[in-house]
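> The following block contains a protein sequence and its predicted model.
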Amino acid sequence: MASWSAENATKAYLSTLKMGHRAKEPDVAEFISALAAGNNAKLMVVACANVTSSTALALAAAAHQTGGRVVCILPGLEELQSSTEFLGLGSCHIEFVIGEAQALLLKEYKESDFVLIDCHLENHEEILRAVQAGGNPNGALVIGYNAFGKGSWRVNGSKTQLLPIGEGLLVTRIGAKATVNNGDCGGKRSRWVVKVDKCTGEEHVFRVRFPHGKRIEA
């Protein structure tokens, strides 16, 4: 993910404070909004077990600061209708999708860099693994809400923290994917060059290293 932006985090936090919809624990929405905006999240996805909450609006406030988008994955049409009624005009800033979050995060939204998962979903841990298996090379930040009593996430290579905010938040940062370039040595790329001695007919093979992005003509 991009470097931390204190300015974006502050603006998103203040925007969330001004919202009409307030959760039972307002600091949850404000915390999530600031976290998403501060990390300059561009594709924010919410996986809901039921009707979406004010946290979706909090992410919309973050998206306004980062120039990103918010996608809310719902289980059915009934939840979609109830969610749009609850959010009111704020729903115009959110993309709603009906489907299975685990499958969608492996395909259509594999580039997501901020994912919010309702831990009331039975497969909430599998959804986390789908994000980890996704294709965002810069990594992602995954937040599980309604986490109290659900146990910690077990994900290889990622550390999870349980925060006592609201009904509990599980926070996991999935690191950037390592990239491997063939022939890369010490930050430089290389090429094998073959030269033929016109007098003797002998072939001479050289390995030429050059900075990444530059080309050498043999």
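Yep, that arrived. Residues are numbered from 1 along each chain as shown.
> Quick check: chain neighbours aside, which residue is closest to L104?
What sits nearest to L104 in space, not counting adjacent residues and going by C-beta to C-beta, 6 or more residues apart in numbering, is I73, at 5.9 Å. From N, CA and C alone the C-beta is placed, and that goes for glycine too.
> How about G76?
Using C-beta to C-beta, 6+ apart and skipping residues adjacent in sequence, the residue nearest G76 is I98, 6.2 Å away.
> which residues sit against stretch 78-85?
Stretch 78-85 is contacted from outside by 48, 50-52, 56, 72, 74, 91, 96, 98, using C-beta atoms under 8 Å, 6 or more residues apart in numbering.
> so what's the residue nearest to L104 bridging to?
I73 has these beta-bridge partners by DSSP bridges: A47, V97.
> From K159, how far off is it?
Between I73 and K159 the computed distance is 25 Å (C-beta to C-beta, to the nearest Å).
> quick one: which of these two has more around it?
I73 (27 against 11; other C-beta atoms under 10 Å).
> can you pull the contacts of that one?
45-48, 97-99, 101, 104.
> quick check: mean pLDDT across stretch 143-163?
Mean pLDDT, stretch 143-163: 82.
> List the buried residues for that stretch?
By neighbour count on 16 or more other C-beta atoms under 10 Å, the buried set for stretch 143-163 is 143-147, 150, 153, 155, 158, 160, 162.
> ditto for stretch 164-173
Neighbour counts over stretch 164-173 (16+ other C-beta under 10 Å) mark 165-172 as buried.
> For burial, what's the neighbour tally of the closest residue to N136 other than its chain neighbours?
Excluding the flanking residues, the one nearest N136 by C-beta to C-beta, 6+ apart is E111, at 5.1 Å. By other C-beta under 10 Å, 15 other residues sit near E111.
> Wait, E111 touches G134, no?
Yes: under the criterion of C-beta atoms under 8 Å, E111 makes contact with G134 at 7.1 Å.
> rewinding a little: tell me the buried residues within the contacts of stretch 78-85.
Buried among the contacts of stretch 78-85 by 16+ other C-beta under 10 Å: 48, 51-52, 56, 72, 74, 91, 96.
> Show the average pLDDT along stretch 69-83.
Averaging pLDDT along stretch 69-83 yields 95.
> Buried residues of that stretch, list them for me.
Buried residues in stretch 69-83, counted by 16+ other C-beta under 10 Å: 69-75, 79-80, 83.
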